[in-house]
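Peer 1: all I have is the shape, not the residue letters:
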Ligand SMILES: Nc1nc2[nH]cnc2c(=O)[nH]1
């Protein structure tokens, strides 16, 4: 699978499958993080999901999607699947993705974006407090998985694909900025421990 086809599909899944669920979740007080699982062979969608911390603070976008994946009647083997995270996974979520047997994940926003653009610094704070890691300090390529930035993949694509991807990336960023404003305006009203 070439990176241009993969980038195009990952952006489409964020636009069409994750964002509608996230906008609904955010209207109920949840954070803006979402995820999806796709088949490696044809990039078809297995499941998309979103954060549901108002029900359970462990239902981060990634873990909540994995929970729903394992509730499917016949979930495919994870070695045959791709994991898409709208935001670089926190330590809990990257461990969950690892324990589920995925050898990859792809993310749109970085940990630094979660801190700086979404006012959610906890992912980086936990990495620093628990493991002494600075931003970018964990091994994105390791014995279990390879983690890749979708934005880096888009920027490395040849023209005219690159410009088309950058336009879509801008559109996605704008939608998330609005969703983040909604989340931040109401976060004091929920019982989420690390809001
Ligand atoms: N990646 C990610 N980070 C989080 N930090 C708090 N909640 C979440 C979540 O659902 N996903």
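Peer 2: That came in fine, so what should we check first? From a predicted model like this one, the values you see are computed outputs, not experimental measurements.
Peer 1: surely residue 31 and residue 183 touch.
Peer 2: Yes - Residue 31 lies in contact with residue 183 (Cβ atoms under 8 Å); the separation is 5.9 Å. In short, each C-beta sits where N, CA and C put it, glycine included.
Peer 1: which one of those two has more residues nearby?
Peer 2: residue 31 (29 against 25; other Cβ atoms under 10 Å).
Peer 1: can you list the buried residues in the top helix by length along the chain?
Peer 2: Criterion DSSP state H: the longest helix present in the chain is helix 161-186. The neighbour-count check on helix 161-186 (16 or more other Cβ atoms under 10 Å) flags 164, 165, 168, 169, 172, 176, 179, 180, 183 as buried.
Peer 1: closest to the ligand out of those?
Peer 2: Relative to the ligand, the closest of the buried residues of helix 161-186 is residue 183; by Cβ to the nearest ligand atom it sits at 10.7 Å.
Peer 1: will you turn the buried residues of helix 161-186 into CSV that also has pLDDT and distance to the ligand?
Peer 2: Shown next, in CSV, are these (pLDDT from 0 to 100; distance: Cβ to the nearest ligand atom, whole Å):
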residue, pLDDT, distance to the ligand
164, 98, 26
165, 98, 22
168, 98, 21
169, 98, 18
172, 98, 16
176, 98, 13
179, 98, 13
180, 97, 12
183, 96, 11
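Peer 1: quick check, nearest of those to residue 37?
Peer 2: residue 172 (19.0 Å; Cβ to Cβ).
Peer 1: who touches the closest residue to that closest one other than its chain neighbours in this structure?
Peer 2: The spatially closest residue to residue 172, leaving aside those adjacent along the chain, is residue 14, at 5.9 Å (Cβ to Cβ, 6 or more residues apart in numbering). Contacts were defined as Cβ atoms under 8 Å, 6 or more residues apart in numbering; by that measure residue 14 touches 34, 36, 84, 86, 108, 172.
Peer 1: most neighbours, which of the residues you listed?
Peer 2: That'd be residue 34 among the contacts of residue 14, by other Cβ under 10 Å, with 33 neighbours.
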